[in-house]
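Novice: What follows is a predicted structure for the sequence shown.
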Amino acid sequence: MNDIEDIIIINKEVFHEILLNNNLKIPENILKKYNELIKNNNCFNSKYDPKSVWEKKKAKNKIINSNINKLYLITSNISDDNNDKKKLTGLLNKITQLNKDNILKEIKNIIANNKDNIHILNSLINIVYIFIGKNDPKKFNLIYIKILNLFDNFNNNILYNYMNNYIINNIWEPYEFIIKYDILNNKYYNDYCEYIKWKNNQINIIKSFIYLYENNSKYLDILNILLNNINIKLNNYEKINTNKYIIDYLLELEYIILDKIKNENIILNLKKINLNILDNSTKFIIMNIIEK
């Protein structure tokens, strides 16, 4: 049974008539249960639309199970740090260009209240990055950079350490499934959709690093390490002729970083690539990088 349309609904009176015509009698306990259900549960009332019940259930499950733009922290722990996490989440859900000044003040207070607790500060930064990851990469919201800079004002190592952990743990690196299988194949449609979400998330994170660097040059060295690591991985994947969407993804990451940071060695490396053996989309990204 896959959907509500597969259910055949028979009116109780019709069912009753069929039973009587076949000399069958509904047991008293069943009739009693039926009356209780009608009395105490709207969904068993004939005027209650079962289709709407089904749609509401699906919508609820979608909210609980899918990756959505809003983060919900469900916890029975009511400690102060969890209250601050929930408060930050609520503020990030509400922030707009119109109310940003007031929201930023409230977020600043949350950070100030936890300035001596690295564990909580890291948890708060993770929440900010969940929201950053859900952005449209083409319309990066610079409000989030202002929020991240608030953390930097209270602890000037915390964002550097976040970047460092991101690089050390190779969070940006393509994961095994998309390397092993060609997710452009129709049978991997859902996996391709998940890959696009993951890819956009990484692009947004690295864009945030670049914006932070524009405000503070102390991030230059660590971004160069990230750039070199991406380039090494790109060279490795080119040698094994891996799927083009992985090559294009890594080139996109290089493009984002090289747009703000000079690295002649990587440019020279890209110039050595034989463009004739590449697809047009890949050529386009490479030429864009070289020309810039």
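Specialist: Cool, the structure landed. Numbering: from 1, shown residues only.
Novice: in whichever strand or helix holds residue 247, what counts as buried?
Specialist: Counting by DSSP states H and E, the element that carries residue 247 is helix 244-258. Buried residues in helix 244-258, counted by 16 or more other CB atoms under 10 Å: 245-254, 256-258. For every residue, glycine as well, the C-beta is placed using N, CA and C.
Novice: next one: stretch 148-167
Specialist: Within stretch 148-167, the residues that count as buried by 16+ other CB under 10 Å are 148, 150-152, 155, 158-160, 162-163, 166-167.
Novice: got the CA coordinates for it in CSV?
Specialist: Extracted C-alpha coordinates of stretch 148-167, given in CSV (Å, rounded to 0.1, in the frame of the first residue of the first chain):
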residue,chain,number,x,y,z
LEU,A,148,31.3,35.3,12.5
ASN,A,149,33.4,38.5,13.1
LEU,A,150,31.6,38.9,16.4
PHE,A,151,33.1,35.6,17.5
ASP,A,152,36.5,36.8,16.3
ASN,A,153,36.2,39.9,18.5
PHE,A,154,35.9,37.8,21.6
ASN,A,155,38.4,35.1,20.7
ASN,A,156,40.8,35.8,17.8
ASN,A,157,41.8,32.1,17.4
ILE,A,158,38.4,30.4,17.3
LEU,A,159,37.6,31.0,13.6
TYR,A,160,41.2,30.2,12.6
ASN,A,161,40.9,26.9,14.5
TYR,A,162,37.6,26.2,12.8
MET,A,163,39.2,26.6,9.4
ASN,A,164,42.1,24.5,10.4
ASN,A,165,39.9,21.6,11.5
TYR,A,166,38.0,21.9,8.3
ILE,A,167,41.2,21.5,6.3
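Novice: Can you give the contact residues for it?
Specialist: 104, 107-108, 111-112, 115, 118, 121-122, 124-125, 128-129, 172, 205, 208-209, 212, 215-216, 218-219, 222-223, 225-226, 229 (CB atoms under 8 Å, 6 or more residues apart in numbering).
Novice: what mean pLDDT would you report for that stretch?
Specialist: Stretch 148-167 shows a mean pLDDT of 94 in the predicted model.
Novice: How far does that stretch sit from its chain's centre?
Specialist: On the basis of CA atoms, centre = their mean, to the nearest Å, stretch 148-167 is displaced by 21 Å from the centre of the chain it belongs to.
Novice: same deal with stretch 135-154?
Specialist: Worked out by CA atoms, centre = their mean, stretch 135-154 lies 16 Å from the chain centre.
Novice: what's the first-to-last distance across that stretch?
Specialist: Using CA to CA, to the nearest Å, the end-to-end distance of stretch 135-154 comes to 26 Å.
Novice: circling back to that earlier point, now list the buried members of the contacts of stretch 148-167.
Specialist: Buried subset of the contacts of stretch 148-167 (neighbour count, 16+ other CB under 10 Å): 104, 107-108, 111, 121, 124-125, 128-129, 172, 205, 208-209, 212, 219, 222-223, 226, 229.
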